Each structure stands twice: as structure tokens, then as C-alpha cells.
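Q: give me a 3D structure for the following:
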Amino acid sequence: MNLKKYFLIAVTALMTQIGEAQEGLPIYSDYLTDNYYLIHPSMAGVANCAKVRLTARKQWFGQDDAPALQTLSINGRIGDSPSAVGAIVYNDKNGYHSQTGAYLTYAHHLMFSRNEIDLNMLSFGLSAGVIQYKLDETTFLNEGFDPIIAGIEQSASNFNIDFGFSYHLYDFYAHATVKNVLNNDGVNSNENGVFKFDNLRTFLFSAGNTFSKFGSDWSYEPSIMFMHKDGTKESSIDVNAKVYKKMDFGKVWGGLSYRRSLDGAEFLDGSGVSSQKLQYFTPFVGVDYNNFVFAYTYSYQANSVVFNNGGFHQLTLGYNFNCRREKYECNCPAVN
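A: This next block holds a predicted model:
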């Protein structure tokens, strides 16, 4: 058993203590690959097409038990009504810990403009989800006895809801979401009541605008996302830049995202205590070919102390169906 495996055991042993301290579906940068619905329930059915998105994320190629995530989402309008529904299923594995979850979403979209040419829309969304957590302890002990290790696969389930809203005005958009609204009293602590984490609420705020010259095939979309975890008082911010190019077959696009934690983590560097803040650089590229979407995302952690120098690779496959005509005269790729 190598040093990295000992590290993974230490992490998962800590997870045994804090129980369901996981926050559900992890928040990476996959929302930038035409997948805002993954983090904002109010984005269900906002587009003129129904959408299916499949993602697969793998971290640290060549490392055993490295984190991996798969998601499948679908969302769309209910006929010609202002209401929409969506669903997400996912599987997230990190070493000996894994979680599988499913969410159902209802969203409603209110138009404030006097016609369908000018985009002025407020959307609300509510997701309800069930998550099952597992901790595989079957290979923890090769010999001897440890009272905190049961040697079995432990599991528990949790229910929670997410709520948020979105506002679109011409080329501008803003989203705000509260994830894990409910407290998980009595679930997220060990038998001694230590390491109690019943507040998993995460606050998300996104905003951006798309710019383009009249008649140009190019458009540019700067955006930001702010994330705050209420229980641990951790915050981070994403600064994103995205560019689109219209083609005969659809569209090609790409960009760069920079995520920085606003809170530092302390560590021993041999001569004292140092601190570093989490930093991610994430380039991404994608193509819309007719009704199909293909995208690739790569994340690199730019810190001096990291678990592994390898990056984080993610593929996104999508399909749009039940498409209606583009209603609005705007540079709004998430809607038109």
C-alpha cells in the first residue's frame, strides 16, 4: 500500500466521522459547456430546445481510486406553457467514498416584455433530490482490529432541495441559487455527536453578458460565478471568458475559466506554517453540430502543494430536441 493510498484512507476515515458532510452534486466548471441547469434549477426549460447532457469527469489519470464524476441531465418546457421540468442523475466517486443522487426539477418562466422579440424574463426553479452515500471499508484492514473501522460497506441516504431564480434581459443574465436548503439534523454526525455538519447550504450567484457587433459571426461572453458555503464559511469566485463563432453547421465556441478560493489553507512547509488559496485554470472548447453538442474541459490546479500534478479531464455530450424557432433578437446562447 503506497503513500497515496494511505492518504486516501485518511481522507475517507475522516469522512466516516463527519458522515454526510458531502454537499451533493459537486460544482465544477461544467456549467460553462451549455449546462447551467446542473447548478441552477431555474434554468430548466429556459432554452427554445429541450436538452439532454451527459458528462464524464476524471481526475489524475494513472492514479488508483482517483475522483470521477458522471452526470446525466434532461430539461425542457411542458408544451407551449411557461412551465418546465427537468431531472438530474449522477454518480460521484472519490477513493473509498461514493455518492449517487437524483434530482427532479420544476421551473416557471415569467415574461415581462410586451412581445416575444424583446427578451425580459424572470425564472424560478425548485429541485428536490435524494442522495445515497457509501463508504467501502472492506479493504481497510489487512490485519488487527480498529474500533472505528467496521470493515463493511456503509451507506446512508439524505433528502434535500435546491431553489433559485434567473433573470434574462436582452444580452444580460443573472442567476442566484441556494443549494441544500434543508438542515440534516441528526444525520451528519458520528455516534458521539462530534463533527456535526447539519448545514450544507451553498449559495451561488452567476452573472454575465454577451457582446457582438451587428452582423458579425463572432460574439463574446464574460461572466462570473460566486460560491459561498454557509456551514464552513468558505467562498470562491469564477472569472470566465467565452467566445462563439457561427458556422454553417452550427457554432464553435471555447473559453477560459479561473477559479480562486477566497480562503487560505495552512500547511507545514518545513520551516514554518504557510498558506495557499485554491486556484484552478480551466480551458474548454465545444462545437454545436446541428442538434448535437460536443465539449472538452481541462482543469489545472495552480498551487505549490497539490495531491497530484495531473489535470482534470471532462467530456460533455449533448442533444437538443423539440426545438422551436428562435424568438428573441438577442445574443443569448443559453436561450436562443
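Q: centre of the chain to stretch 316-330, how far?
A: Chain-centre distance of stretch 316-330: 22 Å, with CA atoms, centre = their mean, to the nearest Å.
Q: relative to D92, how far out is S236?
A: Separation of S236 from D92 (CB to CB, to the nearest Å): 19 Å. (Each C-beta comes from the backbone N, C-alpha and C, glycine too.)
Q: meant to ask about N240
A: 23 Å.
Q: show me where the stretch 51-200 of the chain has helices.
A: Shown for the stretch 51-200 of the chain, no helices are assigned by DSSP state H, counting those that start in this stretch.
Q: what ranges does it have for its strands?
A: Remark: strands assigned in the stretch 51-200 of the chain by DSSP state E, counting those that start in this stretch are 68-77, 83-94, 97-111, 120-136, 153-169, 172-179.
Q: I'd like those strands laid out as a markdown table, including mean pLDDT, mean neighbour count and distance to Y31.
A: Listed next are the strands of the stretch 51-200 of the chain as a markdown table, based on pLDDT from 0 to 100; neighbours: other CB atoms under 10 Å; distance: least, CB to CB, whole Å:
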| stretch | mean pLDDT | mean neighbour count | distance to Y31 |
| --- | --- | --- | --- |
| strand 68-77 | 95 | 20 | 11 |
| strand 83-94 | 95 | 18 | 12 |
| strand 97-111 | 94 | 19 | 15 |
| strand 120-136 | 92 | 19 | 14 |
| strand 153-169 | 91 | 18 | 12 |
| strand 172-179 | 97 | 20 | 9 |
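Q: between those, which one is nearest to F321?
A: strand 68-77 (7.9 Å; CB to CB).
Q: could you check the angle the closest one makes with strand 83-94?
A: Angle, strand 68-77 to strand 83-94, by axes from the mean of the first three to the mean of the last three CA atoms, to 10 degrees: 180 degrees.
Q: find the residue closest to Y36 in space, skipping its chain neighbours.
A: With sequence-adjacent residues excluded and distances taken as CB to CB, 6 or more residues apart in numbering, Y36 is closest to M43, at 4.4 Å.
Q: which ones are touching that neighbour?
A: Applying CB atoms under 8 Å, 6 or more residues apart in numbering to M43 gives the contacts 36-37, 75, 107, 123, 125, 166, 175, 334.
Q: buried ones in stretch 36-54?
A: Within stretch 36-54, the residues scored as buried using 16 or more other CB atoms under 10 Å are 36-53.
Q: now stretch 278-289
A: 278, 280, 282, 284, 286-288.
Q: let me know the pLDDT of the residue most central in space within the chain.
A: In the chain, the centroid-proximal residue (CA atoms, centre = their mean) is I27; its distance is 2.9 Å. At I27, the pLDDT value in this model is 91.
Q: from V181, how far out is it?
A: I27 is 16 Å from V181, where distance means CB to CB.
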